[in-house]
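In: predicted model and sequence below, questions to follow.
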Amino acid sequence: MISGVGSDTWLMANRWWFMAFQGSSSYTPTEQFPVLLMPDSPPSRGFPFGIILIVLIIVGVPVVAIYLHSIRSGRSMRDTMKDVSGVGGEDVPDSIDSTGHTDARLTSRAIGRSASDRPYITHVTAADLDQDGLLDVLVSDATTNRVSWIRQEAPGQFSERVISPFLMAPARTQVIDIDLDGDLDVLIAGLGSLFPSNEKLGQVLILENNGTESFTPHVVAKRLPRVADVRASDLDGDGDLDLAVAAFGAEEGNLTWLENQGEWNFLSHPLHSLSGTIDVIPEDIDGDGDVDLVCLVSQEWEEIHAYLNDGSGQFEFKLLYGSGNDDYGSSGISLADLDADGDLDLLYTNGDGFDYSPPQPRPWHGVQWLENDGDLNFTFHRLTDFPGAYAPTALDFDGDGDLDLVAVSCFNYWNTPAAQSLIWLENNGDRTFTTHALANDPTHQITIAVGDFNNDGTPDLVTGGMHFYAPYDRIGRITLWTNQSSDENASP
C-alpha cells in the first residue's frame, strides 16, 4: 500500500474520483489506476505525507468535481453542493414561492374529452379555427393518435371532435391559411413514434379546410425521421407559404425547408443533419426584412441555431447559444421582445426528463432569457430554477404593459404536493423578474398556449398533460385557465 495509507482508504478515494466524473457504481479502481496501487511496504517513520495526501484527495477531489459540475450546469457552488448532498430531499427550488394551490389570479376547468385514461398530450394550439370570434383549441393527442378540435360553440361552452385521420404521435399543430383561400387550415407535425426510433416514421400533414367545418388531409412529406415541429412562412419571397420542418429522429435527424410548388407539392431543401431538433421558428431574427429560421437542437448538442435568409431561400448558419452541458435537457424556445427594445429575444427552457428511467428532473432545469444585444449577440439571463420546465411563453399576464413569462413543468418532484406545474415570471420593468407559483394541479403539464378565451381583454391559458409516469393522483388532459388579473378581488 502507499506509505502511511490504508489500501481501503486509497481505493475509496480512487472510487470517489471516478464516480464524480463518470457517475458509475460498477467501476473497479485497479483497472483504471494500477500504477497507483503499490506493493505493501513498511509504514513511513517520518512526516506522514501519505496521510496529508489522502486527506487532500478525499477533500479536494469532491470539491473540484462539484466546482466543475457547477460550471457545467450553470448553477452556483452552494446550490450544486445542495444537489450533491441531497439536503432538502425533493424540495421545490427556493426561487419559487410554492404554496401548493391554484393562485387566485386563475380559475381552472377541464375542457374537451375527459381524461379517462392517462393522457399523452404533446401540444395545444389556441386559434379561432371557424373564425366565429371565439377561441378554440387544437389538441395533438398521442394517446388516441389523432388531432382534435375543441370548439367553443358559445361563450364558455366547448365540444371536442377528431378532425385528422389516424396519425401516430402527432407532435404539433399550426393553424394558418396554407392555400391562401381565406379559411384556416391545420398544419401537423407527425413523430410517428412517441419514443425514440431510427425508423423513418415522421410525416408532415396538412388538413385543408373545406369551408364547411370539414377537412381534407394532404400528406406533403413522409418517410422522415420523427418530425417534432413544422411551421409555415414565405421563405423564398415568392408569395406562397413554404414549410420549415424539424425532424428530431433518434440517432439521425435533420432540419429542412419545403419549397411550395403548388397543388400540395413541396420540394425539400436540407439545412442540417443533426438529431434532436425540437423547435423551428420562422422569424426575422436579424431584422433585415426577410424570414429567418431559429431552431433548438437538443440531444447531445443542446444549442440554439439561426439560419439567416438572404431573401431567396438561401440560408447561412449562425450559432446563437450552446450550453456546454450535453445533459442540459433543452425543452423549448420562443421569441419575443421581452425588454421592449425593438429586437427579438430568445425565451428558453431546459427541463427534459425523458432520458431517465424513471423520468426525473435535474438540478439545472429552469427558465432562461437570452437578451438580444444586436448583431446576433445574446446575453444569457437565468430567470429561475424550475424542475421539468417546458413551453416558455411571453404575455402581459398582469396587464401592466410589459411582457411577462409563463411556463409549465412535466418532470417536477410530483411526490411533493407543492411541486408546481405552472408558474408566472412577473416582469418588474427593470430587467428583473419575480417568480410566482400558480398551480400544482394537474401535474405533468408539457404544453401551453395563450389566448383571450372569454374576450375580456386579458390573456388566458390552456395547457396539456403528458401523464406517462407516476404519480397519477392529479391528472389533467386539457385545462383552461381563466385569467382573473383584471378582477380587483384577485390576490396581489
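Out: Yep, it's here.

In: and the gap between residue 229 and residue 158?
Out: 26 Å (CB to CB, to the nearest Å). Just so you know, the C-beta spots here come from the backbone N, C-alpha and C atoms, and that holds for glycine as well.

In: the two: which has the busier surroundings?
Out: Set residue 229 next to residue 158 and count neighbours by other CB atoms under 10 Å: residue 229 wins out with 22 against 19.

In: how about the nearest residue to that one, chain neighbours excluded?
Out: residue 246 (4.1 Å; CB to CB, 6 or more residues apart in numbering).

In: give me the sheet partners of the one helix or strand that neighbour maps to and which way each runs.
Out: For residue 246, the element it lies in under DSSP states H and E is strand 242-247. Here strand 242-247 has these sheet partners by DSSP bridges: strand 227-233 (antiparallel), strand 254-262 (antiparallel).

In: other residues contacting it?
Out: 187, 189, 202, 204, 220-221, 224-236, 253-260, 266, 277-280, 282, 293, 295, 313 (CB atoms under 8 Å, 6 or more residues apart in numbering).

In: distance between that strand and the chain's centre?
Out: Put simply, strand 242-247 sits 18 Å off its chain's centre (CA atoms, centre = their mean, to the nearest Å).

In: so how far is residue 380 from residue 321?
Out: 7 Å.

In: between the two, which contacts overlap?
Out: Joint contacts of residue 321 and residue 380 (CB under 8 Å, 6+ apart) are residue 370.

In: which of the helices or strands spans the most centrally placed residue in the chain?
Out: Nearest to the mean C-alpha position of the chain, by CA atoms, centre = their mean, lies residue 331 at 2.0 Å. Per DSSP H and E: residue 331 is located in strand 330-336.

In: partner strands of the next helix or strand after that strand, with direction?
Out: The C-terminal neighbour of strand 330-336 among helices and strands, as given by DSSP H and E, is strand 345-350. Here strand 345-350 has these sheet partners by DSSP bridges: strand 330-336 (antiparallel), strand 366-372 (antiparallel).

In: quick one on the thing from earlier: the residue nearest to the centre of the chain and residue 54, how far apart?
Out: 42 Å.

In: one more: residue 264?
Out: For residue 264, the distance to residue 54 - CB to CB - is 71 Å.

In: those two: which is more packed in?
Out: A count of neighbours by other CB under 10 Å puts residue 54 above the other of residue 264 and residue 54, at 19 against 14.

In: show me where this protein has helices.
Out: 7-22, 29-32, 49-73, 77-85 (DSSP state H).

In: ok, now which ones touch the closest residue to residue 198 other than its chain neighbours?
Out: Spatially, and ignoring its direct neighbours in sequence, residue 198 is nearest to residue 250 (4.8 Å; CB to CB, 6+ apart). By CB under 8 Å, 6+ apart, residue 250 lies in contact with 196, 197, 198, 225, 226, 275.

In: how near is residue 250 to residue 322?
Out: Distance from residue 250 to residue 322, by CB to CB: 21 Å.

In: which parts of the stretch 51-200 of the chain are strands?
Out: 106-110, 121-127, 136-141, 146-154, 157-162, 170-176, 185-190 (DSSP state E, counting those that start in this stretch).

In: okay, now the unreliable bits of the protein?
Out: 1-47, 49, 59, 61-102, 486-492 (pLDDT under 70).

In: what about 50?
Out: Confidence mapping of the chain against pLDDT under 50 gives the ranges 1-43, 69-76, 79-80, 82-95, 97-100, 488-492.

In: list the contacts of residue 306.
Out: 285, 286, 292, 293, 294, 317, 318, 319, 320, 376.

In: now swap in residue 312 and tell me
Out: 236, 237.

In: stretch 130-145: which residues count as buried?
Out: 130, 134-145 (16 or more other CB atoms under 10 Å).
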